[in-house]
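# sharing a sequence plus its predicted fold:
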Amino acid sequence: MAIRNIVKEGDSVLTKKCHYVTKFDGRLSQLIDDMKETLAQANGIGLAAPQVGILRRVVIINIPEQEIELELVNPEITEQSGTQEEVEGCLSCPNQWGVTQRPMYVTVKAFDRNGNEFTVKGEALLARCLCHELDHLDGILFKDKTIRMLKPSEVE
C-alpha cells in the first residue's frame, strides 16, 4: 500500500467525469488499498479516486464512530428522500467549509473490488458522505452545491 497525494481544488482532474471500472483486478485492489491508507493518513471520512488523480468511479468511506467502512466501485444512487442542511468540507478544498443541502436518505448500488454487486442504505452523515463522494465522480465539488460558505470565525 502507498499513500497518494490528494489533488487540490484548481486541478482539472477534479472537474472531469470519471470512467466506469471494467476490470476488477489487482490494479483496482491496489488503488482501493492506497486510497484507504491515504484517507486514514488525511483523517477524512471519504475519498473518491479523482481526488488521488485517477479518473475511475471508485469511492471509499470510513466512518469509525459508526463502524462503517465501504469500498464502492461504479456506485450510483438509486433512491433518495428527505433533506438535510449540514456543514461539509473536503480534503481537496483544505480549510474551507460550507452548508449544503443533501438528501437525508439514499440507497446506492455498487460493486465491491471483486465485481460483486451490493446495495447500501445511508441516512444523515452517511447519506451526505455518499452524495459528496459520488459527486466527485462527476466532477462536482461540494462548493458547487453550497448554500453558503462559512467564514473562518464560524468554524469550530
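Ah, there it is.

# run through this structure and note the low-pLDDT ranges.
By pLDDT under 70, the weakly predicted segments of the chain are 156.

# I'd like to know which elements the helix ranked longest in it is packed against.
Taking residue count as the measure and DSSP state H as the definition, the longest helix of the chain comes out as helix 26-42. For helix 26-42, the helices and strands in contact under the criterion 3 or more C-beta pairs under 8 Å, 6 or more residues apart in numbering; DSSP states H and E are strand 46-48, strand 58-63, strand 68-81. (C-beta placed from N, C-alpha, C; glycine too.)

# just want the most central residue of this structure.
Glu133 (2.2 Å; C-alpha atoms, centre = their mean).

# and the one helix or strand that one maps to, what does it pack onto?
With elements taken from DSSP states H and E, the one containing Glu133 is helix 125-136. Judged by 3+ C-beta pairs under 8 Å, 6+ apart, the packing partners of helix 125-136 are strand 46-48, strand 58-63, strand 68-81, strand 84-90, strand 93-102, strand 105-111, strand 117-123.

# single out the most deeply packed of these.
strand 46-48 (a mean of 26; mean count of other C-beta atoms under 10 Å).

# can you list the strands that that one pairs with?
When pairs are called by DSSP bridges, strand 46-48 turns out to pair with strand 58-63 (antiparallel).

# what's Gly10 sitting at in phi/psi?
When quoted as degrees, to the nearest 10, the phi and psi of Gly10 stand at phi 110, psi -20.

# how far away is it from Glu133?
Taking C-beta to C-beta, to the nearest Å as the measure, Gly10 and Glu133 are separated by 20 Å.

# contacts only, for Val155.
Applying C-beta atoms under 8 Å, 6 or more residues apart in numbering, we find Val155 in contact with Trp97.
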